[in-house]
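1. A structural model of the following input is requested.
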Amino acid sequence: MAYRTALIVGVTGIVGRNLADRLLEDGWTVYGLARRPEAAPAGVVALKADLNKPEEVRSVLASVPVTHLFQATWTPADTEEEASEINARQFDTVLDALRNGPGRLEHVVLVTGVKHYLGPFKEFGRYLPETPFREDTPRLPLENFYYAQEDRLFAAAERDGFTWSVHRPNAIVGYAVGALMNTGVTLACYATLCRETGRPFVFTGIPEQWDMLTEVSDARLIAKQLAWASVTPAAANTAFNTGNGDVFRWRWIWRVIADYFGIEVAAYKGRQQSLQEIMSDAGPIWRDISARHGLVEPDINRLATWWHSDADFGRKVECISDMTRSRKAGFLEYQPSDETFTDLFRRLQAERIVPAY
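-> Next comes the predicted model:
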């Protein structure tokens, strides 16, 4: 395995962190690029660089013999046009730096998501694609930074001769602190706040989300698929959906979460409420909880992304991905979604991110 040297861009994020753990366990040499790489998992060779500074990226990567690139980060913007320009340019910066580096780039993994099928957050509901999502579904007639990143990937692969894979997870659940979107950690914080304050643990989404079938993507499963695709000839030059392989209804998972934290499920009100508004006073409450329980992160804004859960719980279209392509290519991993949540909660407690009751 010594000849397999990975560069994970976004190594401190929810996908990057879990991918690093997976590759290290498999014997890879792993470099991690981030603006604050000190938060990278143990065993990663941390590299500090700002993707908006090409000279800095080139300098940092000048002596790194990368064989496999994993692009697992993105930068938000006010408009999708801006997001497309920023994220495509940042991706180009890394690809260009590696093109002139000491290694021979064999494979590039790009992590996107199901917004490939749904469109950006501001366009949710404008188009209602048929489910389950299939990888050969045509692109939507909308600006989407995922499409811009893919186009840069395809062009670079044709120019430089490496293979590629694109991976489209659903709502990601997994261990990470400070990640931009993290459904599982957000719900752990919500349940903890309800237990500590006596507030009702009520589902805040629309009726369709409460009742319809849905899925999530365990970050550990995503990591397994990325690692598999990067070295499997049958996966070369292919896009893959990345779901757990099962489906559930939120009305069931809500009971699983409540039972874990020892609280009651409040009666669903049959309408959407803003979790971001409900939790607008969570900052000082969490600081008090953190002090009383000896938690390591007193800033709730580094843990919970209420707005992202509001977006997920407000989707009227069912969000289920077809996994046939992965299975036919040989990726047969499966992850029960209830254990995705409870495994995460146990680790959050063990790491003193949330209280252990």
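2. in the stretch 151-300 of the chain, which spans are strands?
-> 163-169, 172-173, 213-214, 217-218, 238-242, 248-249 (DSSP state E, counting those that start in this stretch).
3. which stretch among those strands is buried most, on average?
-> Ranked by average neighbour count under the criterion mean count of other C-beta atoms under 10 Å, the strands of the stretch 151-300 of the chain are headed by strand 217-218 at a mean of 29. Yep, even glycine has a C-beta here, placed from its N, CA and C like the rest.
4. contacts for it next, please.
-> P169, N170, A171, I172, V173, G174, T242, G243, N244, Q335, S337, T340 (C-beta atoms under 8 Å, 6 or more residues apart in numbering).
5. want to try JSON lines for these, with distance to F261 as columns?
-> Formatted as JSON lines, the contacts of strand 217-218 follow (distance: C-beta to C-beta, whole Å):
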{"residue": "P169", "distance to F261": "25"}
{"residue": "N170", "distance to F261": "23"}
{"residue": "A171", "distance to F261": "20"}
{"residue": "I172", "distance to F261": "21"}
{"residue": "V173", "distance to F261": "16"}
{"residue": "G174", "distance to F261": "18"}
{"residue": "T242", "distance to F261": "28"}
{"residue": "G243", "distance to F261": "25"}
{"residue": "N244", "distance to F261": "21"}
{"residue": "Q335", "distance to F261": "21"}
{"residue": "S337", "distance to F261": "17"}
{"residue": "T340", "distance to F261": "16"}
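6. which one of those residues is nearest to H308?
-> Closest to H308 out of the contacts of strand 217-218 is A171 (8.4 Å), distances taken as C-beta to C-beta.
7. how close does the closest one sit to P102?
-> Per C-beta to C-beta, to the nearest Å, A171 is found 38 Å from P102.
8. quick one: which of those two has more around it?
-> Comparing A171 with P102 by other C-beta atoms under 10 Å, the one with more neighbours is A171, at 22 against 11.
9. so who does the more buried one touch?
-> T183, V216, S217, D312, C319.
10. and what of G125?
-> With contacts defined as C-beta under 8 Å, 6+ apart, G125 is in contact with R315, K316, V317.
11. could you rerun that using 7 Å?
-> K316, V317 (C-beta atoms under 7 Å, 6 or more residues apart in numbering).
12. got the phi and psi for it?
-> Phi and psi for G125, reported as degrees, to the nearest 10, are phi 90, psi -20.
13. which outside residues touch the lowest-mean-pLDDT helix or strand in the chain?
-> One helix or strand of the chain scores below all others by mean pLDDT, DSSP states H and E: helix 306-313, with a mean of 91. Residues outside helix 306-313 that contact it (C-beta under 7 Å, 6+ apart): 121, 171, 181, 183, 186, 204-206, 209, 272, 274-276, 279.
14. format those residues as JSON lines; extra columns: pLDDT and distance to R139.
-> Listed next are these as JSON lines, based on pLDDT from 0 to 100; distance: C-beta to C-beta, whole Å:
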{"residue": "F121", "pLDDT": "80", "distance to R139": "17"}
{"residue": "A171", "pLDDT": "91", "distance to R139": "21"}
{"residue": "M181", "pLDDT": "74", "distance to R139": "22"}
{"residue": "T183", "pLDDT": "90", "distance to R139": "25"}
{"residue": "T186", "pLDDT": "96", "distance to R139": "29"}
{"residue": "T204", "pLDDT": "97", "distance to R139": "31"}
{"residue": "G205", "pLDDT": "97", "distance to R139": "27"}
{"residue": "I206", "pLDDT": "96", "distance to R139": "26"}
{"residue": "Q209", "pLDDT": "95", "distance to R139": "25"}
{"residue": "Q272", "pLDDT": "95", "distance to R139": "29"}
{"residue": "S274", "pLDDT": "96", "distance to R139": "31"}
{"residue": "L275", "pLDDT": "96", "distance to R139": "31"}
{"residue": "Q276", "pLDDT": "96", "distance to R139": "30"}
{"residue": "M279", "pLDDT": "96", "distance to R139": "35"}
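15. so among those, which ones count as buried?
-> Among those, those classed as buried by 16 or more other C-beta atoms under 10 Å are 121, 171, 181, 183, 186, 204-206, 209, 272, 275-276, 279.
16. of these, just say which sits nearest to A148.
-> Using C-beta to C-beta, F121 is the member of these that lies nearest A148, at 16.3 Å.
17. quick one: contacts for the closest one?
-> A311.
18. now swap in P207 and tell me
-> Listed by C-beta under 7 Å, 6+ apart, the contact set of P207 reads G270.
19. 8 Å - rerun?
-> Neighbour list for P207: G270, R271 [criterion: C-beta under 8 Å, 6+ apart].
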